[in-house]
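A.B. asks: Sequence first, then the predicted structure, then my questions.
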Amino acid sequence: MRSLILLRHALAERPAGLDDHERPLAAAGRADADRVGAYLAAEHLIPDYALVSSARRARETWSAVSAHLAEDVPVISEPAIYNAEPTTLLDLVRTVEDGTRTVLMVGHNPGFQELAAMLVGHGDRYAFARLGQGLPTSGLVVLDFTGDAWADAAPRAARLDRVVTPSQLGGRDDG
């Protein structure tokens, strides 16, 4: 079984005059990213590597999350994730090397929520209901695929394992 973990970047600041790509995390976002990292470690959801948007808020999210993982997880900065359409994100998933069991992507909405909705064929009904309410910043989606080839990832081919939001981890309200 292969797992794709989608993590929306943590809450970012909106400083006047700063390009969207360079927005830093807000204090609340850093706290939520820390909670997500602790959750991933506690649940043993350790990726073989991470594909991270080149946007500053995504890189800072990964930095906070990865600090909680006991293993040094290789990271690939992927500019194509920034503001990507779900089909572009699916194309990236399909390029993951066979033999990779778990990959984590850190990126943005609406692409991540739309990708998750596209890939889900079945799974936890409560997680599906949470996903339907939106994917907040620091929201996490875990999708499982059968088989060994990431190239076979297709719409409705994944099992939705879980959706985790900051409020579930004791963080800020998801609203």
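C.D. replies: Nice, thanks for sending it over. Numbering: from 1, shown residues only.

A.B. asks: From Thr88, how far out is His122?
C.D. replies: As for His122, its distance to Thr88 is 25 Å (criterion: Cβ to Cβ, to the nearest Å). The way it works is simple: take the backbone N, C-alpha and C, and place the C-beta from them, glycine included.

A.B. asks: Ok, Ala157 next?
C.D. replies: 18 Å.

A.B. asks: more crowded one of these two?
C.D. replies: The residue with more neighbours, out of Ala157 and Thr88, is Ala157; 16 against 13, by other Cβ atoms under 10 Å.

A.B. asks: quick one: that one and Met105, what's the gap?
C.D. replies: 16 Å.

A.B. asks: Also Gly37?
C.D. replies: For Gly37, the distance to Met105 - Cβ to Cβ - is 15 Å.

A.B. asks: Looking at the two, which is more packed in?
C.D. replies: Between Gly37 and Met105, counting by other Cβ under 10 Å, Met105 is the more crowded of the two (28 against 20).

A.B. asks: three-state assignment of Ala33?
C.D. replies: helix (DSSP: H, G, I helix; E, B strand; the rest coil).

A.B. asks: er, Ser3 actually
C.D. replies: Counting by three-state DSSP, the backbone at Ser3 sits in strand.

A.B. asks: same deal with Ala84?
C.D. replies: Criterion first, three-state DSSP; result for Ala84: coil.

A.B. asks: hang on, isn't it packed against Pro110?
C.D. replies: No: the criterion here is Cβ atoms under 8 Å, and Ala84 misses it with Pro110 at 10.0 Å.

A.B. asks: quick check, Ala28 in a helix?
C.D. replies: Yes: under three-state DSSP, Ala28 falls within a helix.

A.B. asks: That one: what's it in contact with?
C.D. replies: Leu11, Gly171, Arg172 (Cβ atoms under 8 Å, 6 or more residues apart in numbering).

A.B. asks: and the nearest residue to the second one once chain neighbours are set aside, how many neighbours does it have?
C.D. replies: So the one you mean is Gly171. Leaving aside its sequence neighbours, Gly171 sits nearest to Asp32 (Cβ to Cβ, 6 or more residues apart in numbering; 4.5 Å). The local packing of Asp32 (other Cβ under 10 Å) involves 29 other residues.

A.B. asks: Then the one 10 residues further on?
C.D. replies: Using other Cβ under 10 Å, the number of residues around Ala42 comes to 9.
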